[in-house]
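K.L.:
Structure of the sequence below:
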Amino acid sequence: MTMSTVVDGNVVRASTLGDELDKNESVALASIMGLRKLRDGELLVAENTADHALYLLADGRLEVLSKTDGQDVVVYTMSKGECAGTRAFVDRTPRKATLRASGAATVYTLERQPFESLLTKHPSVVYKVMRALFRITHANLMRMNQESAQLSNYINKSHGRY
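P.N.:
Next up, the predicted model:
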């Protein structure tokens, strides 16, 4: 992991968030983002908090945890370049999951107000990021639907060898 304290536009551009951004656009977006370094096991954000930042995993891994019978259960492990918090960022609703570092991790943060400040000088960045947020949300929904179908098939012992 690099020891940089500056958000790298190339990392932003290579992520799911920067999919459509050109070099200058990714630098403009990176310039308004924050950076957090996490130690193994450190919480980035807890479930049900009013934190509305969008998170981009720049390096390392983050575990997505959800409460099940009072216990935190890992429901997904994020990889470099993935984003978390799209719903909270757009809807300003409480977090639906806890994010915890699995090993050392670097996370770029995007707050709503600095993001909206791009509307005047870089409206194409805002448009492209909002398109990316829709794609990310859609991909998450598709993954969850597929996992649900697989679980249903397993429980009902259909469509496969169980």
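K.L.:
Enumerate the positions of stretch 75-91 that are buried.
P.N.:
Y76, M78, K80, G81, E82, C83, A84, G85, T86, R87, A88, F89 (16 or more other CB atoms under 10 Å). Bear in mind the C-beta positions are built from the backbone N, C-alpha and C, glycine included.
K.L.:
Out of those, list just those in helices.
P.N.:
T86, R87, A88, F89 (DSSP state H).
K.L.:
Okay, and the closest residue to V11 other than its chain neighbours sits in which element?
P.N.:
Excluding its sequence neighbours, the residue lying closest to V11 (CB to CB, 6 or more residues apart in numbering) is A58, at 5.0 Å. For A58, the element it lies in under DSSP states H and E is strand 54-59.
K.L.:
Partner strands of that strand, with direction?
P.N.:
strand 83-84 (antiparallel), strand 105-110 (antiparallel) (DSSP bridges).
K.L.:
Let's have these in a markdown table, adding mean pLDDT.
P.N.:
Listed next are those as a markdown table, based on pLDDT from 0 to 100:
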| stretch | mean pLDDT |
| --- | --- |
| strand 83-84 | 94 |
| strand 105-110 | 98 |
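K.L.:
could the ones you listed go into CSV alongside distance to F134?
P.N.:
Formatted as CSV, those follow (distance: least, CB to CB, whole Å):
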stretch, distance to F134
strand 83-84, 12
strand 105-110, 16
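K.L.:
first to last residue in stretch 26-39, what's the distance?
P.N.:
27 Å (CA to CA, to the nearest Å).
K.L.:
Okay, buried residues for it please.
P.N.:
Taking 16+ other CB under 10 Å as the criterion, stretch 26-39 shows S26, V27, A28, L29, A30, I32, M33, L35, R36, K37, L38 as buried.
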